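Trainee: quick one: sequence plus predicted model below, questions after.
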Amino acid sequence: MLDELLITILLTSVPLVFAATGELVAEKSGVLNLGVEGMMLMGAVAAFGMTLQFGNPYIGIIGGGIAGGFTAAIFAFFVLGLATNQVATGLALTIFGTGLSGLLGAPLVGQAIDGLPELSIPFLSELAVVGVIFSLDIMAYLSVFVVALVSWFLNQTKPGLVLRSVGINHDSAHALGYQVLKVRFYAVVFGGVMAGLGGAYLPLVLTPHWAEGMTAGRGWIALALVVFAAWRPYRVIVGAILFGAVTIFQLLGQAKGWAIPIQFMSMMPYLVTIFVLVIMSGSSRIAIGAPKELGRIFTSGR
Amino acid sequence: MITLTPRGHVPWQLTFAIPILAVVLTIMAGGVIFAILGFEPLETLYEFFIKPLSQPYQFGNLLVKACPLIIIGTGLVFCYRANIWNIGAEGQLIFGALGAGLLALSFPEVTSKWFLLPMAMAAMLAGALWAFVPAVLKVRYNTNEILVSLMLTYVAGFFLDWLVRGPWRDPMSFGFPLTPSYGDGALISALILPGIGRLGQLHWAVPLSFIVALAGWFVMRHSLTGFQVRVIGNAPQAGKFAGFKPDRVTYGVLLASGGLAGLAGMIEVSANIGQLQPNVSFGYGFTAIIVVFLARLNPLAVIVAGLVVALAELGGDAAQISLGVPKVVTGVFKGILLFMLLSGETLTHYHIRFGAAKLASKTQQESEHA
């Protein structure tokens, strides 16, 4: 029972880790992309379709990442190229992605795929209780690796420093000769690839089907997670596991026959998100790492 | 590379041309999508945008579909003008339906139509209450209203689901998740036009939606309240110097838009459904966001924009039934339309040039300043 609970919590948190880490990088460069939900859905439908087509979930992973990246590139074109309002464009991307994924996925409804296989790490996976952590799928391991990579990139490398400085003050960064829009383009597309991977995880591991709007608000929760993590990559994992645990409560409640109606259990992740947002916004945002230029349009120098 | 150079002044023709251009381009993009999907583009577009208007009664249905969009859209105009991003109108709509439903289900024997008045008040109160949460969190803790209002939409959906499956369920519903049907007093009657009779589903709340938009326009354009909203949204610093209170504006616009969304929820149930069920809206709260941008944040234009978007919704239904085009294609249209409209905003404020050299753009800027 404990094993199963732990594994379900971990599995539920993986898509959130991917999507939130990607959004974190985009936001660090100063771009707020509210289209995470749309990008995740595009990733999910692409991953499902590719896996169905080629019978290989690993191709599905790649397909999901590429689809997410392309969807983000649309956002980048409008927000960076045409300097449109980031909030509204992000909403448009979510509406567009939800619609397009539904359209592409319409012929796929009702079909099933073989998801990603478990990859047990020898010896470690045989440990009691914590052994389950080492008998997950490749994407779960990858998600931790990505967080480590992003943390290293942002804090230890020069390009990472440039990316952060663009997010802190784009006019200064521009004056120093950095190409603000180019940096932001890469950051946004990276965010899209990650959101696509997060979306891909849903049909590849969690449920082997495609359903319209199957992300059910995970993209929005990922956005909240970035705030929760105070723009620090490792904290994303902590937050995602916390949310995974909250989601799992409803299953536990059902299994144990708690008297609380299921609908109230289902509300929990959303209510906890609000609660967490309130706590985080109580502290000074700048001090906890919020990029100063977040959501601001860069137009100087052209 | 795309080069943007600020315009000296905005030609007035652009204000009108851009929404029209956006709609035309979206329809053209739609044709391309249909062709890719293997549908005959012109036939499908005809089915989508012309056929739903080929019978007089269909105009009635169009107005009915536009009604909640216009009411919600009017409220959202105030939010977005004030730079407050309420995207949880869907949840506020659901709460409005619940507020009105509480009255309707408590007094099922009432037959007087005056009952609709307290119901509307209850709906607006409940919708405003749901919008009060992001408002107070924004003002007190500077919490992001986008995420809070959206999260509350999910919560509202689950709450409604629990009510109609649990405490409010009709014991005679054979296990269906439905409340008892509303009494006569809680239903909005069909509008009988003199000389024509019934026009599709046309009901009495449709003219009300026009009045709401008109009132919204008046407040925005000709009152100090509207002026404050615009100033706080455009130039918060200037607003503060003028003695306007940004917090009060935040509360005002969120409560107003929540109240109007709630009213739309009550109308949806009382005019079209007649009882509460797990789903009382077809995403009107989200669709209204597109309406607001198509109207370029002008309450009067919300009427026209509401009708245009409602047409796309009806067309989606029609094309699904007659040609088997998946209904979600409407969502793609909505997304593309919003992209086009936002690009249009850029076109209004900047000259856009593709691949222009940096030097050229600089001299252009200088000549404009001269």
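Mentor: Perfect, I can see it now.

Trainee: just the buried residues of the helix or strand where residue B:69 lies, please?
Mentor: In the assignment (DSSP states H and E), residue B:69 maps to helix B:56-81. Neighbour-count burial for helix B:56-81, counted by 16 or more other Cβ atoms under 10 Å in any protein chain shown, picks out B:58, B:60-81. Any C-beta I mention is one placed from the backbone N, CA and C, and that applies to glycine too.

Trainee: show me where pLDDT drops low in chain B?
Mentor: When residues are selected by pLDDT under 70, those of chain B lie in B:1, B:355-370.

Trainee: related to what we said a few turns ago, contacts with chain A among the buried residues of helix B:56-81, please.
Mentor: Residues of those in contact with chain A (Cβ under 8 Å from any Cβ of the partner chain): none.

Trainee: contact partners for the closest residue to residue B:201 other than its chain neighbours?
Mentor: The shortest distance from residue B:201 to any non-neighbouring residue, by Cβ to Cβ, 6 or more residues apart in numbering or on different chains, is to residue B:64 (4.6 Å). By Cβ atoms under 8 Å, 6 or more residues apart in numbering or on different chains, residue B:64 lies in contact with B:200, B:201, B:202, B:203, B:206, B:271, B:272.

Trainee: helices - which of the residues you listed land there?
Mentor: residue B:206 (DSSP state H).

Trainee: can I get the contacts of residue B:64 in a markdown table with neighbour count?
Mentor: Output for these, formatted as a markdown table (neighbours: other Cβ atoms under 10 Å in any protein chain shown):
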| residue | neighbour count |
| --- | --- |
| B:200 | 17 |
| B:201 | 19 |
| B:202 | 23 |
| B:203 | 23 |
| B:206 | 22 |
| B:271 | 22 |
| B:272 | 17 |
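
Trainee: burial of the residue of the stretch 151-300 of chain B at minimum distance from chain A, as a residue count?
Mentor: Closest to chain A within the stretch 151-300 of chain B is residue B:162: 3.8 Å, counting by Cβ to the nearest Cβ. Residues lying near residue B:162 (other Cβ atoms under 10 Å in any protein chain shown) number 19.

Trainee: thought it was touching residue A:260?
Mentor: No: with contact defined as Cβ atoms under 8 Å, residue B:162 does not reach residue A:260; the gap is 10.3 Å.

Trainee: show me which residues of the stretch 201-302 of chain A sit near chain B.
Mentor: Residues of the stretch 201-302 of chain A lying near chain B (Cβ under 8 Å from any Cβ): A:212, A:217, A:220, A:223-224, A:227, A:261, A:263-264, A:266-267, A:270-271, A:273-274, A:277-278, A:281-282, A:285, A:299, A:302.

Trainee: dump the residue contacts of the residue nearest the centre of chain B.
Mentor: With distances taken as Cα atoms, centre = their mean, residue B:288 lies nearest the centre of chain B, 1.7 Å away. Shown in contact with residue B:288 (Cβ under 8 Å, 6+ apart): B:68, B:69, B:72, B:73, B:76, B:89, B:261, B:306.

Trainee: TSV for the residues you listed, including distance to residue A:177?
Mentor: Formatted as TSV, the contacts of residue B:288 follow (distance: Cβ to Cβ, whole Å):
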residue	distance to residue A:177
B:68	52
B:69	48
B:72	47
B:73	45
B:76	42
B:89	45
B:261	48
B:306	48
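
Trainee: between the residues you listed, which is nearest residue A:29?
Mentor: residue B:76 (29.3 Å; Cβ to Cβ).

Trainee: return the distance of that closest one relative to residue B:261.
Mentor: 8 Å (Cβ to Cβ, to the nearest Å).

Trainee: got the domain ranges for chain B?
Mentor: B:1-39+B:325-370, B:59-322 (automatic domain parsing).

Trainee: ranking the ones you listed by burial, who's on top?
Mentor: Among those, domain B:59-322 has the highest mean neighbour count (mean count of other Cβ atoms under 10 Å in any protein chain shown), at a mean of 21.

Trainee: and the nearest residue to residue A:51 once chain neighbours are set aside, how many neighbours?
Mentor: Distances taken as Cβ to Cβ, 6+ apart place residue A:60 nearest to residue A:51, at 3.5 Å, with adjacent residues excluded. By the criterion of other Cβ under 10 Å, residue A:60 has 28 neighbours.

Trainee: repeat for residue A:186
Mentor: Here the number of neighbours of residue A:186 (other Cβ under 10 Å) works out to 16.

Trainee: shaky segments in chain A?
Mentor: A:1, A:128-129, A:282-288, A:300-302.

Trainee: now residue 249: which helix or strand?
Mentor: Went with chain A since none was named. Counting by DSSP H and E, residue A:249 is found in helix A:233-256.

Trainee: oops, wrong one, chain B.
Mentor: Under the criterion of DSSP H and E, residue B:249 resides in helix B:246-267.

Trainee: for chain A, tell me whether that helix is touching it.
Mentor: No: Helix B:246-267 lies out of reach of chain A by Cβ under 8 Å from any Cβ, never closer than 14.2 Å.

Trainee: next SSE after that helix?
Mentor: helix B:284-294.

Trainee: after that next one comes which helix or strand?
Mentor: Taking DSSP H and E, what comes next after helix B:284-294 is helix B:299-323.

Trainee: which helices and strands sit right next to that next one?
Mentor: The elements that helix B:299-323 packs onto, with contact taken as 3 or more Cβ pairs under 8 Å, 6 or more residues apart in numbering or on different chains; DSSP states H and E, are helix B:12-37, helix B:41-49, helix B:56-81, helix B:205-222, helix B:284-294, helix B:329-349.

Trainee: circling back: what helices or strands is the helix holding residue B:249 leaning on?
Mentor: On a contact count with 3+ Cβ pairs under 8 Å, 6+ apart, helix B:246-267 meets helix B:56-81, helix B:89-106, helix B:116-141, helix B:205-222, helix B:224-234, helix B:236-241, helix B:284-294.

Trainee: please enumerate residues in contact with the fifth one?
Mentor: It stands for helix B:224-234. With contacts defined as Cβ under 8 Å, 6+ apart, helix B:224-234 is touched by B:78, B:80-83, B:219-220, B:238-239, B:242, B:244, B:246, B:249, B:252-253.

Trainee: do that again at 6 Å, thanks
Mentor: With contact meaning Cβ atoms under 6 Å, 6 or more residues apart in numbering or on different chains, helix B:224-234 is reached by B:78, B:81, B:82, B:83, B:219, B:220, B:239, B:244, B:246, B:249.

Trainee: contacting residues for the closest residue to the first one other than its chain neighbours?
Mentor: In this case it means residue B:78. Spatially, and ignoring its direct neighbours in sequence, residue B:78 is nearest to residue B:253 (4.4 Å; Cβ to Cβ, 6+ apart). Contact partners of residue B:253, counting by Cβ under 6 Å, 6+ apart, are B:78, B:79, B:82, B:84.

Trainee: looking at those residues, which one is closest to chain A?
Mentor: Taking the contacts of residue B:253 together and measuring to chain A by Cβ to the nearest Cβ, the closest member is residue B:84, at 10.7 Å.

Trainee: what's the closest non-adjacent residue to residue 184?
Mentor: You didn't say which chain, so I picked chain A. residue A:29 (4.8 Å).

Trainee: please go with chain B instead
Mentor: Spatially, and ignoring its direct neighbours in sequence, residue B:184 is nearest to residue B:111 (4.5 Å; Cβ to Cβ, 6+ apart).

Trainee: doesn't the one you found belong to a helix?
Mentor: No: looking at residue B:111 with DSSP: H, G, I helix; E, B strand; the rest coil, it is coil, so not inside a helix.

Trainee: quick check: it vs residue B:189, distance?
Mentor: According to Cβ to Cβ, residue B:111 stands 12 Å off from residue B:189.

Trainee: I'd guessed residue A:68 sits against residue A:195; true?
Mentor: Yes: counting by Cβ atoms under 6 Å, residue A:195 is a contact partner of residue A:68 at 4.8 Å.

Trainee: name the helix or strand for the closest residue to chain B within the stretch 151-300 of chain A, please.
Mentor: Closest to chain B within the stretch 151-300 of chain A is residue A:263: 3.8 Å, counting by Cβ to the nearest Cβ. Per DSSP H and E, residue A:263 falls inside helix A:262-282.
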